[in-house]
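K.L.:
I'll drop the sequence and a predicted model, then ask my questions.
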Amino acid sequence: MTRTDDDTWEITESVGATALGVAAGRAAETESENPLISDPFARVFLDAVGDGIWNWFATTDLPDEILQAEPNLPQQMQLMVNYMASRTAFFDGFFLDATRAGASQAVILASGLDSRAWRLPWPDGTTVYELDQAKVLEFKASTLADHGAELTGNRVAVAVDLRHDWPAALQQAGFDPSMPSAWSVEGLLPYLPAAAHELLFERIHSLAAAGSHIAVEAPSPDWMDEEIRARRRERMDRLRGLMTKVDPQRELPRTDELWYFEEREDVGEWLRRHGWEAVVTPSPDLMASYGRGVPEGVEDTSPRTQFVSAVRS
């Protein structure tokens, strides 16, 4: 799964497969006894592609051999579902608050299998711009159309690679930079090199009028910690080895092979330096605020991130 410049992918490959993994988490939460979120379309995407590595962390049917070797694994996998549920709730709430406050344009960068244009109660007059690679957008729209899903807002698909000139494509699609807008950067930054990370925020800043809002899932300050990375890799290698013995046909994904471990400026600090009023919430605090905190005695294996919300004054 090694990354290359200008690489592309099908929905079941590389970065595309990670979008299916997130959908599996949202489906698991939606179908739970006390769901934090409701995403009825997540299961639709999974049914459309069939079984695969994307179903790994949301499965409830683990082989006995793995449970004996890793007795805490079910709780750790549930933590991942809790993280995805909390993340989804955060961005859902952000968009509804921002658009009700007057941002009539919502921009979802690297929209993946995000179905907010079909499931959120957007205020009248809101336009939702979804930016992603063409194959991802085509799969999402055709799958939901086949399912009979109806849009709840004015959706505009912008097929573009975020490493290219996406501001031009966005404006050609009708985006008006003179009007307040709401932006989401969710599940994206680790997949961008540091230079592209910096350029992304410079471009957003150049397009966001006063009164615009942004929400970001950002790497935590210990993103580059070598010890933490080594522990994560050791744990994943151990699980991969166990799974290979039990089910040679199922290979666990190494998502960190798709990430760029490069130094980058803290997102909250960058936004404040550029005139945004930003609030930063570490992911454990966000999960706890939704009642999805880490149980005592369980190792926290959820992503090490922080959630940033900001308004341009």
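P.N.:
Cool, got the structure.
K.L.:
where along the stretch 201-313 of the chain do the helices fall?
P.N.:
In the stretch 201-313 of the chain, the helices defined using DSSP state H, counting those that start in this stretch lie at 226-246, 267-273, 283-289.
K.L.:
next, format the ones you listed as CSV and append distance to G174.
P.N.:
Placement of C-beta: from N, CA and C, glycine included. CSV is the format used below for these (distance: least, Cβ to Cβ, whole Å):
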stretch, distance to G174
helix 226-246, 42
helix 267-273, 26
helix 283-289, 33
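K.L.:
which among the ones you listed is found nearest to W259?
P.N.:
Closest to W259 of these, according to Cβ to Cβ: helix 226-246, at 9.8 Å.
K.L.:
show me how far that closest one is from its chain's centre.
P.N.:
On the basis of Cα atoms, centre = their mean, to the nearest Å, helix 226-246 sits 23 Å off its chain's mean C-alpha point.
K.L.:
same question for stretch 142-150.
P.N.:
22 Å.
K.L.:
got the buried residues for the helix or strand hosting M80?
P.N.:
Assigned by DSSP states H and E, M80 falls within helix 73-100. In terms of neighbour count (16 or more other Cβ atoms under 10 Å), helix 73-100 has its buried residues at 73, 76-92, 94-96, 98-99.
K.L.:
what's the mean pLDDT across the next helix or strand after it?
P.N.:
Sequence order places strand 105-109 as the next helix or strand after helix 73-100, per DSSP H and E. The average pLDDT for strand 105-109 rounds to 98.
K.L.:
quick one: strand 105-109 to helix 73-100, angle?
P.N.:
Interaxial angle of strand 105-109 relative to helix 73-100 (axes from the mean of the first three to the mean of the last three Cα atoms, to 10 degrees): 150 degrees.
K.L.:
other SSEs contacting strand 105-109?
P.N.:
The contact analysis (3 or more Cβ pairs under 8 Å, 6 or more residues apart in numbering; DSSP states H and E) places strand 105-109 against helix 73-100, helix 116-119, strand 127-132, strand 181-185.
K.L.:
what does the third one rub up against?
P.N.:
Read that as strand 127-132. With contacts defined as Cβ atoms under 8 Å, 6 or more residues apart in numbering, strand 127-132 is touched by 104-112, 114, 116-117, 122, 137, 153-160, 162, 166, 169-170, 173-175.
K.L.:
buried ones only from the residues you listed, please, as a ChimeraX command.
P.N.:
Selecting only the buried entries of the contacts of strand 127-132 in ChimeraX, with 16+ other Cβ under 10 Å as the criterion:
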select :104,105,106,107,108,109,110,111,112,114,116,117,122,137,153,154,155,156,157,158,160,162,166,169,170,173,175
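K.L.:
check contacts around the residue nearest to P121 when sequence neighbours are not counted.
P.N.:
Spatially, and ignoring its direct neighbours in sequence, P121 is nearest to T152 (6.2 Å; Cβ to Cβ, 6 or more residues apart in numbering). By Cβ under 8 Å, 6+ apart, the residues touching T152 are A117, W118, R119, L120, P121, W122.
K.L.:
just checking, the fifth one touches R100?
P.N.:
No. Judged on Cβ atoms under 8 Å, P121 makes no contact with R100 at a distance of 9.9 Å.
K.L.:
what about R304, how many residues nearby?
P.N.:
By the criterion of other Cβ atoms under 10 Å, R304 has 18 neighbours.
K.L.:
quick check, it in contact with E217.
P.N.:
No. Using Cβ under 8 Å, R304 is not in contact with E217, being 11.3 Å away.
K.L.:
now A101. Nearest residue, chain neighbours left out?
P.N.:
Nearest non-adjacent residue to A101, counting by Cβ to Cβ, 6+ apart: H213, 7.3 Å away.
K.L.:
number of nearby residues for that neighbour?
P.N.:
If you count neighbours by other Cβ under 10 Å, H213 ends up with 24.
K.L.:
then the one 3 residues further on?
P.N.:
For V216, the neighbour count with other Cβ under 10 Å is 28.
K.L.:
and it, how far is that from L200?
P.N.:
From V216 across to L200, the span is 10 Å (Cβ to Cβ, to the nearest Å).
K.L.:
need the overlap of contacts for the two.
P.N.:
V185, L189.
K.L.:
got JSON lines for the contacts of T152, with distance to Y129 and pLDDT too?
P.N.:
Listed next are the contacts of T152 as JSON lines, based on distance: Cβ to Cβ, whole Å; pLDDT from 0 to 100:
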{"residue": "A117", "distance to Y129": "9", "pLDDT": "97"}
{"residue": "W118", "distance to Y129": "15", "pLDDT": "98"}
{"residue": "R119", "distance to Y129": "17", "pLDDT": "97"}
{"residue": "L120", "distance to Y129": "14", "pLDDT": "98"}
{"residue": "P121", "distance to Y129": "18", "pLDDT": "97"}
{"residue": "W122", "distance to Y129": "12", "pLDDT": "98"}
